[in-house]
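Asks: Return a 3D structure for these sequence lines:
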Amino acid sequence: MKRHLMFAAVFASLMTGQAFARDTVHNFPVDVALKSEPGKVGDDIRLYFAGQPHPGVVKSFGEFATNKKTNAFGKSDDAACQHVFLSAVIELQERARKEGGNAVINIKSNYKNEERESATEYTCGAGAVVAGVALKGDVVTLKK
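Replies: Just a heads-up that it's a prediction; the model follows:
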């Protein structure tokens, strides 16, 4: 009987912990994140965040989205968010390469399907174990 009570107590504490799981939403600077891991983001596919001017569009391949997660355990929210932001940007660049584009324009945050347009900041959700960034952008070929 003691064993059942102990199991019930452990289970209740785990369920309570999940009920209070942290999901802090931050807005961090794009330029700091892009410089956080030098050489990780390619320079062959140009990136333009919402509101940034860019050369004229020659061809559009459509809007594409990415939703990336990373292990945040033992990391600061800033460090985890920078890392996962870079993963999301790299995925958009890979999509542009696949489609034959040379840029991704109008990049905006789309965390939990809430769009946020900013030329200078991205949105990241950070918890005790996982951090996530969701981005959307238009893959295009721009005039040279």
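Asks: for this structure, which spans come out with low pLDDT?
Replies: For the chain, the stretches flagged by pLDDT under 70 are 1-21.
Asks: just how off-centre is the lengthiest helix in it within its chain?
Replies: Under DSSP state H, the helix in the chain containing the largest number of residues is helix 77-99. Here helix 77-99 is found 7 Å from its chain centre; the criterion is Cα atoms, centre = their mean, to the nearest Å.
Asks: now for that helix, which elements pack on it?
Replies: strand 24-29, helix 30-35, strand 46-49, strand 57-71, strand 103-111, strand 121-126, strand 130-142 (3 or more Cβ pairs under 8 Å, 6 or more residues apart in numbering; DSSP states H and E). All C-beta spots, glycine's among them, are computed from the backbone N, C-alpha and C.
Asks: and if we set it to 6 Å?
Replies: Secondary-structure packing of helix 77-99 (3 or more Cβ pairs under 6 Å, 6 or more residues apart in numbering; DSSP states H and E): strand 57-71, strand 121-126, strand 130-142.
Asks: Flag every buried residue along that helix.
Replies: Within helix 77-99, the residues scored as buried using 16 or more other Cβ atoms under 10 Å are 77-78, 80-86, 88-93, 95-96, 99.
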